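1. just a sequence and a predicted model for now, questions to come.
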Amino acid sequence: MSISTTDFLIKKDDLQQVKFVEGELDPAALQSGEVLVKVDKFAFTTNNITYCLMGDSRLRYWHFFPALEDGWGKIPVWGFADIIHSNHEGIAEGERLFGYFPLATHLVIQADRVTPYNFVDS
């Protein structure tokens, strides 16, 4: 069963150009160790615009969540997400996360360094 997704993209060289990109994700296609999260709530502040302006600088904000289209980027945001599918034995579906996500409805994470309290996306 596929899940409908939406990504909000912004033109890297003209922050006034934005678009929504619809897609599909099949949870059954996740690889071992991957989890699928649904972004629920996030903060969008002037700091996120700083991420856009500094996106290709030494801090490389555009590289955290690459867009599939050249010249476009996904804005990083801090927020909450729920794990809706897990292919990692140490991570349960239904867990709630606080973290760094793309401005999108969903994200596939390759879970690494999993502890009872947290993990990172490798």
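-> That came through fine.

2. quick one: the strands in this protein?
-> With strands called from DSSP state E, the chain shows them at 3-11, 14-25, 34-43, 72-74, 76-86, 96-102, 106-112, 120-121.

3. of the ones you listed, which is nearest residue 62?
-> Across the strands of the chain, residue 62 has its closest neighbour in strand 72-74 (4.4 Å, CB to CB). Every residue, glycine included, has its C-beta placed from N, CA and C.

4. what packs against that closest one?
-> strand 3-11 (3 or more CB pairs under 8 Å, 6 or more residues apart in numbering; DSSP states H and E).

5. which neighbouring elements make contact with the strand it packs on?
-> Strand 3-11 sits against strand 14-25, strand 72-74, with contacts defined as 3+ CB pairs under 8 Å, 6+ apart.

6. okay, now the sheet partners of the first one, with direction.
-> I take that to be strand 14-25. When pairing is defined by DSSP bridges, strand 14-25 lines up against strand 3-11 (antiparallel).

7. list of residues touching the strand it pairs with?
-> 17-27, 36, 52, 67, 69, 71-75, 84, 102-106 (CB atoms under 8 Å, 6 or more residues apart in numbering).

8. can you do 10 Å?
-> Residues outside strand 3-11 that contact it (CB atoms under 10 Å, 6 or more residues apart in numbering) are 16-27, 36, 38-39, 44, 48-49, 52, 55, 62, 65, 67-69, 71-75, 77, 84-85, 102-108.

9. of those, buried ones?
-> 25, 27, 36, 38-39, 48, 52, 55, 62, 65, 67, 72-75, 77, 84-85, 102-108 (16 or more other CB atoms under 10 Å).

10. circling back: out of the strands of the chain, which gets the lowest mean score?
-> Among those, strand 120-121 has the lowest mean pLDDT, at a mean of 88.

11. ok now that one, how far from the chain's centre?
-> Here the centre of strand 120-121 is set off from its chain's centre by 11 Å, with CA atoms, centre = their mean, to the nearest Å.

12. now do that strand: everything it contacts.
-> The contact list for strand 120-121, computed with CB under 10 Å, 6+ apart, reads 34-35, 37, 64-65, 99-101, 107-114.
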